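A.B. asks: Predicted structure and sequence below. I'll ask about it afterward.
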Amino acid sequence: MTQQDDTYHIQVRSVCKNYEEHRVKALIDVSAFIKPGEFVALTGPSGCGKSTLLNIIAGIDKPGRGSVLIGDQEISRLNDKEVTELRRKKIGFVFQFFNLLNTLTVYENASLPLALARHLSSREIRTRTEEMLEQVGLTKRSSFYPSQLSGGEMQRVAIARALVHKPEVIVADEPTGNLDSENGEQVLRLFQTLCRNGRHTTVMATHSSDAANFADRTIRMRDGRILEEICT
Ligand SMILES: Nc1ncnc2c1ncn2[C@@H]1O[C@H](COP(=O)(O)OP(=O)(O)OP(=O)(O)O)[C@@H](O)[C@H]1O
Ligand SMILES: [Mg+2]
């Protein structure tokens, strides 16, 4: 049985994560409660557990102890098949190093989550992908390959791919960590606007306090624990 609470979209309840063989305590009794549509930044020094927490929220990794709920679904209890299904439908992930498929074009990369959805017609896929590429300003780059793009453009493709299937939750791990400050700010501004307009609940890890300022709230971590939460 899971306790339902509509106030929060994401609930992280007393999560611990150890890497026993390396004697690392990556997360120690971490709890966080995120409201629908909220944009939360996760900050803290390298190694404090940001990526570990994001991966657990997104179902990429499992907690050792504790639980994570997306809506009323306890993601930490689902089997692999159920997690894959939930991720495909409800979660969009943006990575620091973009993780685009180099053999696919911009259009093909961006449309991937829709192509995997199966129930959509090719016409619907085309319309939605074209709309999404327009929103990130890449219509003219549709037939380009990732190697032919700038870093900022690559991240905009990755954002299009993360948002194209309108997931409830967006998880972003250092989305501007690999961009210069000007491109980083542009990408963040776009990311923030799209997440707000789409009412996506968003959790973004970042080293940069400038990037964190784009969020509604900042959760600061250190040594696997939450230090404090600041409303921005
Ligand atoms: N697979 C693993 N095996 C052992 N230890 C790991 C593993 N993954 C992460 N860790 C350790 O867990 C801790 C938290 O790592 P994590 O990647 O979550 O940090 P982070 O806050 O995202 O850091 P950064 O800002 O550098 O990305 C680190 O000490 C790291 O070395
Ligand atoms: Mg990290």
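C.D. replies: Everything's here; your move. Numbering: from 1, shown residues only. Ligands and ions are numbered 1, 2, ... in the order given.
A.B. asks: How about the spatially most central residue of the chain: what's its closest non-neighbour residue?
C.D. replies: Geometric centre of the chain, nearest residue: residue 171, 1.4 Å, by CA atoms, centre = their mean. Of all residues not flanking residue 171 in the chain, residue 58 sits nearest, at 4.6 Å (CB to CB, 6 or more residues apart in numbering). No exception for glycine: its C-beta is placed from N, CA and C like everyone else's.
A.B. asks: tell me, how many neighbours does the one you found end up with?
C.D. replies: 23 (other CB atoms under 10 Å).
A.B. asks: near ligand 2, anything from the one helix or strand the residue nearest to the centre of the chain maps to?
C.D. replies: Assessed by DSSP states H and E, residue 171 sits inside strand 169-173. No - counting by CB under 5 Å from the ion, ligand 2 has no neighbours in strand 169-173; the shortest distance is 5.8 Å.
A.B. asks: what helices or strands is the helix or strand following that strand leaning on?
C.D. replies: Counting by DSSP H and E, the next helix or strand C-terminal to strand 169-173 is helix 181-197. The helices and strands touching helix 181-197, judged by 3 or more CB pairs under 8 Å, 6 or more residues apart in numbering; DSSP states H and E, are strand 39-43, helix 151-163, helix 209-212.
A.B. asks: who in this structure is up against ligand 2?
C.D. replies: So far as CB under 5 Å from the ion goes, the chain lies against ligand 2 at 50, 51.
A.B. asks: Which residue ranges of the chain form strands?
C.D. replies: Here the chain has its strands, by DSSP state E, at 10-19, 24-34, 39-43, 65-70, 73-74, 91-94, 169-173, 201-205, 217-222, 225-231.
A.B. asks: which residues touch stretch 87-98?
C.D. replies: Outside stretch 87-98, the residues that touch it by CB atoms under 8 Å, 6 or more residues apart in numbering are 58-60, 70, 113, 116-117, 146, 151, 154-155, 157-159, 161-163, 165, 167-175, 177-178, 191, 200.
A.B. asks: Tell me how far residue 14 lies from residue 29.
C.D. replies: Per CB to CB, to the nearest Å, residue 14 is found 5 Å from residue 29.
A.B. asks: my bad, residue 210
C.D. replies: Distance from residue 210 to residue 29, by CB to CB: 30 Å.
A.B. asks: hmm, back to that, next, the contact list for the residue nearest to the centre of the chain, please.
C.D. replies: 54, 57, 58, 91, 92, 93, 94, 202, 203, 204.
A.B. asks: I'd like those residues written out as a markdown table, with distance to residue 101 added.
C.D. replies: Putting these into a markdown table (distance: CB to CB, whole Å) gives the following:
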| residue | distance to residue 101 |
| --- | --- |
| 54 | 21 |
| 57 | 24 |
| 58 | 19 |
| 91 | 18 |
| 92 | 16 |
| 93 | 14 |
| 94 | 15 |
| 202 | 24 |
| 203 | 24 |
| 204 | 23 |
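A.B. asks: Kindly indicate which of these lies nearest ligand 1.
C.D. replies: residue 54 (7.7 Å; CB to the nearest ligand atom).
A.B. asks: Let me know whether that closest one touches residue 42 as I believe.
C.D. replies: Yes - when contacts are counted by CB atoms under 8 Å, residue 54 is listed as touching residue 42 (7.0 Å).
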